[in-house]
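[1] The sequence isn't on hand, but the structure is:
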């Protein structure tokens, strides 16, 4: 039995104005087996974000082709936009979706980075879970000073690329990495007390000693207190743990949760884990859906 | 955008002993586009149960072919087994899985029944949600007296088939219908009090005035009180409503739920509805999984 392995990639390209260049990139990325989920461009940012999915081999091939087209068609010596950028293909995050671990995506990021470095002769930096140096885990740290600073400093040891030559052309550098799926999640309280939402946010966010891999901020939305969150790693801190924690903290102030809200998509696993938790089911049983059985059979 | 429409069918054939006949039926049912999920035979019962899924047109074609093979190879004048039966293909339930309603499956059952009646010249009875007479909703009522009684009584008005001729050959009759997905679900209590499990079962089962479309019975399993259930229609009574009701009734006696257990498969929808309920999410948001988005895109 061969289960389908699925990754997602969300490459960002430093072109949001010339439709023919964007079209060429979007066409190139769709190698056989690559499914285009979304493509959006912003003229002010002068940037396009493309979301693709598929088997790792297919996605890696599509990404390589798109990076090659972007390198050929985008010249950062002339490109200008509101959004910071260091390369024609600015950043390529690989995200595990199904039957693949984050560690395996790190290996994929290394393979893609090596190929871009060797075959396209572009400097490549590995970031996030794929970072080979601790100071390269965060994208903003790698991108500091943008393309223009890199041109001046790539010869320095601390800016030595992980793959490819230590020299910069008009295509700049490519930052490649692996990270978990990011879930954007909000919880609305039965209260207009934005101070309470802020206090709960402080209590749960990792940066102030709360839950691992959780970013949170309190807002007032249409008169309702909202805890707005990014869940950076729902294996580490599941969504239902976040919900229960917020509900408990609000309850300590006599406030109940009104509703919660998912922005964009979440992996199926997040919902099945929540169902298993509340129903006191094993996660294996919660995953035993008809749809999963069909996909498993179809992959045989 | 064309969403994939998926039904499941679980036809029962009155042959569980001759491997070559079972193989011929299982081969016939796999028309192009039909996915075989499971096939099991019981020699004592002299019966085989086959589970297939796919687009309605494909599944209907596969079922028709399998019914034709069964009619040719099985002779109920000689077939004997522990399990009651009225036909070579005894019963064909159609089950909505995805992007299709139960009412639409009723129409499919009517089409399949008409074709079996006309082209194979077999008497066909419609049952469950597809029943055209109230006394034909329950399979045991249609099958009363089995094949042998039908031979004697098919000329009577009350036994007039819904499709096909009012005469019985060795292939007997075929009962075709549509029903929701059946979820087999157990809840274990933190207690060895089987009387409590029985009392809760009586309180929740439809037959004694409890929750619609719920069958329940109390058992003692490895010293633990168990409420064992069939959920016949999880749209009418969702699984999480059953869990919450059992937890509340047990709580009235100071007993908590230890764990729950899913036997076999459940539609993904059942788990997503539970997640949405406990997380106070809209069902639309709970359904917005990466996997669903991919399947939707792939179907475009």
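    Arrived safely. Just so it is clear, the structure is predicted and the values come from calculations on it, not from any experiment.
[2] Please count neighbours and contacts with C-alpha atoms only from this point.
    Fine.
[3] Do a quick rundown of the strands in chain A.
    With strands called from DSSP state E, chain A shows them at A:6-9, A:12-13, A:35-42, A:47-54, A:89-98, A:124-128, A:174-178, A:183-189, A:214-221, A:224-231, A:257-263.
[4] Can you verify my assumption that residue A:218 contacts residue A:205?
    No - counting by CA atoms under 8 Å, residue A:218 does not reach residue A:205; the two are 10.9 Å apart.
[5] Tell me which helix or strand in chain A has the weakest average pLDDT.
    When each helix and strand of chain A is scored by mean pLDDT, DSSP states H and E, helix A:290-298 comes last, with a mean of 84.
[6] how about that helix: buried residues?
    By neighbour count with 16 or more other CA atoms under 10 Å in any protein chain shown, helix A:290-298 contains the buried residues A:290, A:291, A:293, A:294, A:297.
[7] now it against strand B:89-98, angle please.
    Relative orientation of helix A:290-298 and strand B:89-98, computed by axes from the mean of the first three to the mean of the last three CA atoms, to 10 degrees: 110 degrees.
[8] ok, helix A:290-298 near chain B or not?
    Yes - under the criterion of CA under 8 Å from any CA of the partner chain, chain B is reached by helix A:290-298 at A:290, A:291, A:293, A:294, A:297, A:298.
[9] next one: that helix to chain centre, how far?
    When C-alpha coordinates are averaged (CA atoms, centre = their mean, to the nearest Å), helix A:290-298 and its chain have centres 27 Å apart.
[10] Which secondary structure elements does it sit against?
    Applying 3 or more CA pairs under 8 Å, 6 or more residues apart in numbering or on different chains; DSSP states H and E, one finds that helix A:290-298 contacts strand B:35-42.
[11] The strand it packs on vs strand B:47-54, what angle?
    Using the same axes, to 10 degrees: strand B:35-42 against strand B:47-54 is 170 degrees.
[12] So which of the buried residues of helix A:290-298 is the closest to chain B?
    Nearest to chain B out of the buried residues of helix A:290-298 is residue A:290 (CA to the nearest CA; 5.0 Å).
[13] Please report the distance of that closest one from residue B:260.
    Note on residue A:290: its distance to residue B:260, by CA to CA, to the nearest Å, is 18 Å.
[14] mind checking how far stretch A:278-287 is from the chain centre?
    Taking CA atoms, centre = their mean, one finds stretch A:278-287 lying 27 Å from the centre of the chain it belongs to.
[15] Check stretch A:42-53 too.
    Centre-to-centre, stretch A:42-53 and its host chain are 13 Å apart (CA atoms, centre = their mean).
[16] And the contacts of it?
    Stretch A:42-53 is contacted by residues A:6-17, A:22, A:26, A:34-41, A:59, A:80-83, B:294 when judged by CA atoms under 8 Å, 6 or more residues apart in numbering or on different chains.
[17] Please pick the buried ones from these.
    A:6-17, A:22, A:26, A:34-37, A:39, A:41, A:59, A:80-81, B:294.
[18] Around chain B, pick out the residues from the stretch 51-200 of chain A.
    Counting by CA under 8 Å from any CA, the stretch 51-200 of chain A sits next to chain B at A:53, A:97.
[19] quick one: the helices in the stretch 51-200 of chain A?
    Assigned by DSSP state H, counting those that start in this stretch, the stretch 51-200 of chain A shows helices spanning A:56-73, A:102-120, A:139-142, A:146-153, A:194-204.
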